[in-house]
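Participant: need coordinates for the following:
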Amino acid sequence: MERSYLKTTRINGKSIISGMVDITHKSNTLRIATAQAIIQVSKQETITAIEEGKVPKGDVFSMAKAAGLLGVKKTWEMMPDCHPLPIEYTGIDYEINGLNILITITVKTIYKTGVEVEAMHGASIVALTMYDMLKPIDKGVEISNIKLLSKKGGKSDWKDKFRKDLTASVIVCSDTISAGQKEDRAGLAICEKLKSFNVAIDNYSVVPDEVEIIQDEVSKSKNKHDLLIFTGGTGMSVRDVTPEAVRPLLDREIDGVMEAARSYGQERTPFSMLSRGVAGTAGKTVVLTLPGSTKGASETMDALFPALLHIFKIIGGGRHD
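Facilitator: Numbering: from 1, shown residues only. So this is what the prediction gives:
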């Protein structure tokens, strides 16, 4: 679900949320979009004039390409809800098919949001430029079929490609919460995130910051749950012992997982580098140790999921009850 800034406008007594979509929780990924527009001329003489460079206003393909490149880069200036983003590639191709000229634009970026609108805007500008250059010699020229052909990138590409039978155990490590002095929010936030990716919560519990108790949870979940996620005890206080408890029981550590989480977090708070979370496998159970703050746990889930679920295609997953 997209998040929005909570700026509201009242219209006829109703509150309407306005403002650009909040994409600060997203990670940069490769985004690709391809769009198409079609210019239809009314006579073969127009096509011949284009091919022979005899259009009075100049080289149609070159001029339209230049305009399209500018159009792609300036999309955010024209569309109120579009984010400014780095355009790292734009390819513009033409194909003449009878009296039709097919314009295809592919746009690429590595960013938090897609480039579908940029590709379609670019295709539109190319088509309009060609229309403007051709109308003095062809009063029947038309623009048709401006559409998105394909898009790639972002979490939506991965959402439906993972197993739907995965289960998880979520363990909150906290002296104060286990003693009833404070309510858990981080563990519940993790559970909600997992449910959004069709991961069933088989167990949710709260334990104190004790090495033996935490290790017992690893033993109980090993090869029983696909995911075992601890939240809490990854900081620098004396009672933060979750990494020390979990690390000796891991068969293999997955350093890149927590590197990704800390990198993601560091872009949002300078304190993320102090987190000592670890990740790895115990049997065929993937074990994660997340921060104990609600924000830290939630942001770590945003950083890792759903891409982390790809691991079950590699290690097989599955429970051995």
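Participant: what about residue 242, distance to residue 29?
Facilitator: Distance, residue 242 to residue 29, by Cβ to Cβ, to the nearest Å: 29 Å. For glycine as for every other residue, the C-beta is placed from the backbone atoms N, C-alpha and C.
Participant: out of these two, which sits in the busier spot?
Facilitator: Counted by other Cβ atoms under 10 Å, residue 242 and residue 29 do not tie: residue 242 has more neighbours, with 27 against 18.
Participant: need the pLDDT of that one.
Facilitator: Looking at residue 242, its pLDDT is 98.
Participant: please apply the same query to residue 5.
Facilitator: On the pLDDT scale, residue 5 gets 38.
Participant: cool, and residue 100?
Facilitator: On the pLDDT scale, residue 100 gets 97.
Participant: give the contact list for it.
Facilitator: Counting by Cβ atoms under 8 Å, 6 or more residues apart in numbering, residue 100 makes contact with 38, 39, 40, 41.
Participant: buried residues in the helix or strand hosting residue 36?
Facilitator: For residue 36, the host element (DSSP states H and E) is strand 29-40. Buried residues in strand 29-40, counted by 16 or more other Cβ atoms under 10 Å: 29, 31, 32, 33, 34, 35, 36, 37, 38, 39.
Participant: surely the fourth one and residue 118 touch.
Facilitator: Looking back up the chat, that one is residue 33. Yes. With contacts counted by Cβ atoms under 8 Å, residue 33 reaches residue 118, the gap being 6.9 Å.
Participant: joint contacts of these two?
Facilitator: residue 107.
Participant: nearest to residue 301 among the buried residues of strand 29-40?
Facilitator: Closest approach between the buried residues of strand 29-40 and residue 301, by Cβ to Cβ: residue 29, at 16.4 Å.
Participant: who touches the closest one in this structure?
Facilitator: By Cβ under 8 Å, 6+ apart, the neighbours of residue 29 are 110, 111, 112, 153, 154.
Participant: neighbours around the nearest residue to the third one once chain neighbours are set aside, how many?
Facilitator: Among residues not flanking residue 112 along the chain, residue 26 sits closest, at 3.9 Å (Cβ to Cβ, 6 or more residues apart in numbering). Residues within reach of residue 26, counting by other Cβ under 10 Å, total 18.
Participant: how far away is residue 26 from residue 154?
Facilitator: From residue 26 to residue 154 the distance is 8 Å (Cβ to Cβ).
Participant: quick one: end-to-end distance for stretch 307-315.
Facilitator: 14 Å (Cα to Cα, to the nearest Å).
Participant: so what's residue 144 up against?
Facilitator: 37, 38, 40.
Participant: run the last query once more with 7 Å
Facilitator: Residues in contact with residue 144 (Cβ atoms under 7 Å, 6 or more residues apart in numbering) are 38, 40.
Participant: what helix or strand does it sit in?
Facilitator: For residue 144, the enclosing helix or strand under DSSP H and E is strand 142-152.
Participant: now the angle between strand 29-40 and that strand, please.
Facilitator: Between the axes of strand 142-152 and strand 29-40, defined by axes from the mean of the first three to the mean of the last three Cα atoms, to 10 degrees, the angle is 160 degrees.
Participant: what pairs with strand 142-152, parallel or antiparallel?
Facilitator: strand 29-40 (antiparallel) (DSSP bridges).
Participant: now the partner strand: mean pLDDT?
Facilitator: The pLDDT scores in strand 29-40 average 95.
Participant: could you give me the buried positions within stretch 253-264?
Facilitator: 254, 257, 258, 260, 261, 262, 264.
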